[in-house]
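# Quick one, fold the following:
(chains A and B)
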Amino acid sequence: MNRAPSTLRASDRVRAGLARRYRAERRFRRFGMAAILFAVASLFVLLASIGLNGFSAFTQAHLRLDLAFDPAALDEPDADFGALIRQALQREFPEVSGRSERRKLAGLASESAAGLVRQSLLANPQWRGTTVPVWLPTSDRVDLAVKGSIDRRTPESERQMSNLELDWVDALIARGRIETRFNTAFFTSGDSRQPESAGILGAFMGSVLTLIVTFLFAFPLGVAAAVYLEEFAPRNLWTHLIEVNINNLAAVPSIVFGLLGLAVFLGLFGLPRSAPLVGGLVLGLMTLPTIVIAARSALAGVPPSIREAAQGVGASPIQVVFHHVLPLALPGMLTGAIIGMARALGETAPLLMIGMVAFIVDVPGGFTDPATVLPVQIYLWADSPERAFVEKTAAAILILLVVLALMNGLAVVLRRKFERKW
Amino acid sequence: MSKSILLAATLAALTLAGTAQARDQIRIVGSSTVYPFSTQVAEQFGKQGKFKTPVVESTGTGGGLKLFCAGVGASHPDIANASRAIKPSEIEACAKNGVGAITEVKIGFDGIVLANNKSAKPMAITRKQLYLALAKQVPGDDGSLKPNPHTIWSSIDSTLPASKIEVLGPPPTSGTRDAFVELVMESGCGQFKWVKDLEKSDPSRHKAICQGVREDGAFVEAGENDILIVRKLEATPTAFGIFGFSFLDQNADKIQGARIDGVSPTFEAIAAGTYPVARPIFFYVKKAHAASIPGLKEFVAEFTSEKSWGEDGYLAAKGLIPLPKEQRTKLAKEARELAANVK
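Numbering: from 1, shown residues only, chains lettered A, B, ... in the order given. So this is what the prediction gives:
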């Protein structure tokens, strides 16, 4: 007999609560949006600050000097190409005299300029005996001044460049002898202690060589382990134990793999220090669990009907796996492998132990040449006292981010291309 | 398919293990303080085109000497950089592994500075005051010992600023920290007579009093990265940082060095030996490698040439404080002969 009022009250309650429930829904959506906005904003701030800092590293101030290639001076066994540059600068500023001022004047050009002059003369033997205008990189401080990174309002004693040097730079700019040009050296050379001649190619090649080894080592091994565990191994205590261990290994700090590499690859096998071969093997061990886990879930995603149908037409277990299951699971495995490799690309800790955190000038050409990798290069530059390395560091981070984005993009493309919907 | 790749990789690894014995490139390990100078010489040396550019690893002094002393042969480094002299225990370890003849080359000085933001007032402090600010336990003149009570500088001495004590410095693994403890803390606590007397009677207590750095947040271990400390000083005007002179030199427009015992950290003062917190830096050469590693002797010659470590050399431009002229001449001769001068 109380039915009618109670239903009325129930619907009233629903109606009264409706607004609250809508509010809760809206609030939840707003929280979600806020979280995404926060993530996007942080990413934007990060990228913008790195981009703003690093963009200037892609250009470099160059100085046009009229070099007089006097055959008499060049034929001496220890020909001093730095002298050619000093003479050319002296002709620009004939009023400069005295040892310390001359040294300062010579310091406008990069320390690597003499070597560049020698190389270009070897490439252009017809220059001998003539005076040729040549564009040479300036020193890092001139580069900073041209890019406006040296604050001229600070007192002279605390500035990187004196008033005299800044006057020279201004005069050279007015005469059209200083120009910022695309910094090709950054993309074509290895590390250097001179910020203006330091390049990323050595570290980039090191990363490529290391990742090739990582992939060749970890992918086949990881896939083989996953196929066995998923398709053939009996389910018992042992396989469970192995499973738990693989999941555990995926969470082991990377420095531990570095110590393992030091003990096994360098100590036991006697492989060379600082080599991409060893770095690749260490990073391969590190990514192996990730690949096994990804590959197993890809295999588990292949429907049992495929296996049953293959068995039904008489395929042996090995034929079932290699002809039917593996090709279908491959895109998922590759995606997992690429994400694992992207993590390996960003590692420095395990490489410290095997000597890949090092100053290496020569661009590595093989798997046993001493090499370093992109994140290590970033670390080494970030740790350098010279101010001009700040922009190089940011530029190297940009390159690393681009490589990472390309790798992750490749993972998406592979998935799209080969993915099958059931 | 996977099997054949694995097989190939194993074979490659095995053949490489055989070839690893020959090496035509100098390998250098060690201190991150010496790293900027060592790499500079390595690059200049490589540019001459006669030998490959040496590989320089930044492992820290202790780690470097450990690798250096691990043995003789191509798989061990030829040179170890050090921001302190080799310890007797390390010489012993070397000898045990057959690394007998070692040449020590002192290359110059590195000053350790206490610096703060340019916008703040410059600091003038004595080593005793600095010790009292950073020690874990503070001794009194009457033989008492209490946990460090100072939270602001002016409570140590009224001439110091009335701001919070906040000092960023290197961790215990760093050679800079070792040198700072030796040159500032030890000297500061040595000014309490009863603590100084402990050195003979109770060395371990002496060590605890003199070398213990406070852990209550006033001293912040900022990692091996000196440039990080410089950045933090730019952001916090009240904080001080402890790091190598070359970082002050390169960032003189943003930070300033404190006067210690009345002397400012300048190139001239450190070279003249009047600035109290300066230490010599070294590298060590394995004599046994001179015959088998091409260019080792020539590299040592390059490092010890006037155009490199001289007053106007390229290392001075990078912040190395050169040795006096007569010392350079004598050490260069010793170094070029690879005299076994470490005993």
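# And the residue of the stretch 101-250 of chain B closest to chain A?
When scored by C-beta to the nearest C-beta, the stretch 101-250 of chain B has B:Gln250 as its residue closest to chain A, at 4.3 Å. C-beta coordinates here come from the backbone N, C-alpha and C atoms, glycine included.
# give me the number of residues near that residue?
B:Gln250: 21 surrounding residues under other C-beta atoms under 10 Å in any protein chain shown.
# and what of A:Ala113?
Neighbour tally, A:Ala113, other C-beta under 10 Å: 26.
# for the nearest residue to it once chain neighbours are set aside, what are its contacts?
Distance criterion C-beta to C-beta, 6 or more residues apart in numbering or on different chains; nearest residue to A:Ala113, sequence neighbours excluded, is A:Leu136 at 4.3 Å. Applying C-beta atoms under 8 Å, 6 or more residues apart in numbering or on different chains, we find A:Leu136 in contact with A:His62, A:Leu63, A:Arg64, A:Leu65, A:Ile85, A:Ala109, A:Ser110, A:Ala113, A:Leu116, A:Val117.
# Helix, strand, or coil at A:Leu136?
strand (DSSP: H, G, I helix; E, B strand; the rest coil).
# now it: how far from A:Pro94?
Taking C-beta to C-beta, to the nearest Å as the measure, A:Leu136 falls 20 Å from A:Pro94.
# quick one: is stretch B:288-302 near chain A?
No. Stretch B:288-302 lies apart from chain A when judged by C-beta under 8 Å from any C-beta of the partner chain; the minimum separation is 13.6 Å.
# on that earlier part again, quick check: beta-bridge partners of the residue nearest to A:Ala113?
A:Leu63 (DSSP bridges).
# Tell me how far it lies from A:Asp167.
According to C-beta to C-beta, A:Leu136 and A:Asp167 sit 20 Å apart.
# Give me the neighbour count for residue 280.
Let's take chain A. 23.
# Chain B is the one I meant
Residues lying near B:Pro280 (other C-beta under 10 Å) number 16.
# what about the chain, any weak spots by pLDDT?
Let's take chain A. A:1-8, A:76-79, A:421-422 (pLDDT under 70).
# please go with chain B instead
Using pLDDT under 70, chain B drops low at B:1-22, B:173, B:224.
# and the lengthiest strand in it, how far from the chain's centre?
The longest strand of chain B (DSSP state E) is strand B:102-117. Its chain's C-alpha centre lies 6 Å from the corresponding centre of strand B:102-117 when counted by C-alpha atoms, centre = their mean, to the nearest Å.
# And stretch A:338-353, by the same measure?
On the basis of C-alpha atoms, centre = their mean, stretch A:338-353 sits 11 Å off its chain's mean C-alpha point.
# what comes up buried for it?
A:338-342, A:344-345, A:347-348, A:350-353 (16 or more other C-beta atoms under 10 Å in any protein chain shown).
# Which residue ranges make up each domain of the chain?
No chain specified, so I'll use chain A. A:59-182, A:201-418 (automatic domain parsing).
# To clarify, I was referring to chain B.
Taken from automatic domain parsing, chain B resolves into B:25-109+B:280-336, B:111-278.
# and those, which is most packed in?
Neighbour counts (mean count of other C-beta atoms under 10 Å in any protein chain shown) averaged over each of those peak at domain B:25-109+B:280-336, with a mean of 20.
# Quick one: end-to-end length of that one, please.
Counting by C-alpha to C-alpha, to the nearest Å, you get 19 Å between the two ends of domain B:25-109+B:280-336.
# next one: stretch A:130-143
Stretch A:130-143: ends 29 Å apart by C-alpha to C-alpha.
# how far does that stretch sit from the chain's center?
Distance, centroid of stretch A:130-143 to centroid of chain: 30 Å (C-alpha atoms, centre = their mean).
# go on, stretch B:154-164?
30 Å.
# and what of stretch A:413-420?
That offset, for stretch A:413-420, works out to 26 Å (C-alpha atoms, centre = their mean).
# buried sites along it?
For stretch A:413-420, by 16+ other C-beta under 10 Å, it's A:Leu414.
# Now B:Lys232: closest residue in space, sequence neighbours ignored.
Nearest in space to B:Lys232, with sequence neighbours left out and distances taken as C-beta to C-beta, 6+ apart, is B:Leu168 at 5.7 Å.
# can I get the domains of chain B in a markdown table with distance to A:Phe269?
Formatted as a markdown table, the domains of chain B follow (distance: least, C-beta to C-beta, whole Å):
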| stretch | distance to A:Phe269 |
| --- | --- |
| domain B:25-109+B:280-336 | 11 |
| domain B:111-278 | 29 |
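# Spell out the residue ranges of the strands in chain B.
Going by DSSP E, chain B shows strands at B:27-30, B:55-57, B:79-82, B:102-117, B:124-125, B:137-139, B:145-147, B:167-169, B:219-221, B:240-244, B:255-257, B:259-260, B:278-286.
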